[in-house]
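Q: build me a structure from this.
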Amino acid sequence: MTQSSTTLKPSPGRHSEFPALTMGEPAIYQIKVRGNLDQSWSDKLGGLKLETTMETAETVLTGPLKDQAALSGVLNSLYDLQLPVISVVHLPGS
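A: From the prediction side, this is the model:
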């Protein structure tokens, strides 16, 4: 039995308004979690800027990460802190 691999190619003209995103290039992200973190956690979370809303008990982390591995590292750190991830968004301009 042989296993074939399928390469997914974007459809022409689709999503052309979105910048290309690859596994190994820098990108800007916004990650929202349930829980309160202060700015002292920034270095441990990829240098992202942290903004906490006490009323909703949510923290938004925003900033550039060098690649998808760095994003995965931040998400793993949030998991280790037992902070549920609400959303992860790739922001334009990266």
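Q: which secondary structure element is home to Lys32?
A: Here Lys32, judged by DSSP states H and E, is contained in strand 27-34.
Q: may I have that strand exported as CSV, CA atoms only?
A: C-alpha atoms of strand 27-34 as CSV (Å, rounded to 0.1, in the frame of the first residue of the first chain):
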residue,chain,number,x,y,z
ALA,A,27,3.8,37.6,11.9
ILE,A,28,1.7,39.8,14.3
TYR,A,29,-0.8,38.0,16.4
GLN,A,30,-3.5,38.8,18.9
ILE,A,31,-4.3,36.1,21.5
LYS,A,32,-7.1,36.4,23.9
VAL,A,33,-7.2,34.2,27.1
ARG,A,34,-9.5,33.9,30.1
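Q: contact partners for Ser42?
A: The contact partners of Ser42, by CB atoms under 8 Å, 6 or more residues apart in numbering, come to Leu48, Lys49, Leu50. To be clear about C-beta, it is placed using only N, CA and C from the backbone, and glycine gets the same treatment.
Q: likewise for Gly35?
A: Ala57, Glu58, Thr59, Leu81, Gln82, Leu83, Pro84.
Q: pLDDT score assigned to it?
A: Listed pLDDT for Gly35 reads 97.
Q: for the residue nearest to Met54 when sequence neighbours are not counted, list the residues it contacts.
A: Spatial nearest neighbour of Met54, chain neighbours left out: Asn36 (6.6 Å); criterion: CB to CB, 6 or more residues apart in numbering. Shown in contact with Asn36 (CB under 8 Å, 6+ apart): Thr52, Met54, Ala57, Thr59.
Q: filter the residues you listed to the buried ones?
A: Thr52, Thr59 (16 or more other CB atoms under 10 Å).
Q: widest-spaced pair of the contacts of Asn36?
A: Met54 and Thr59 (10.0 Å; CB to CB).
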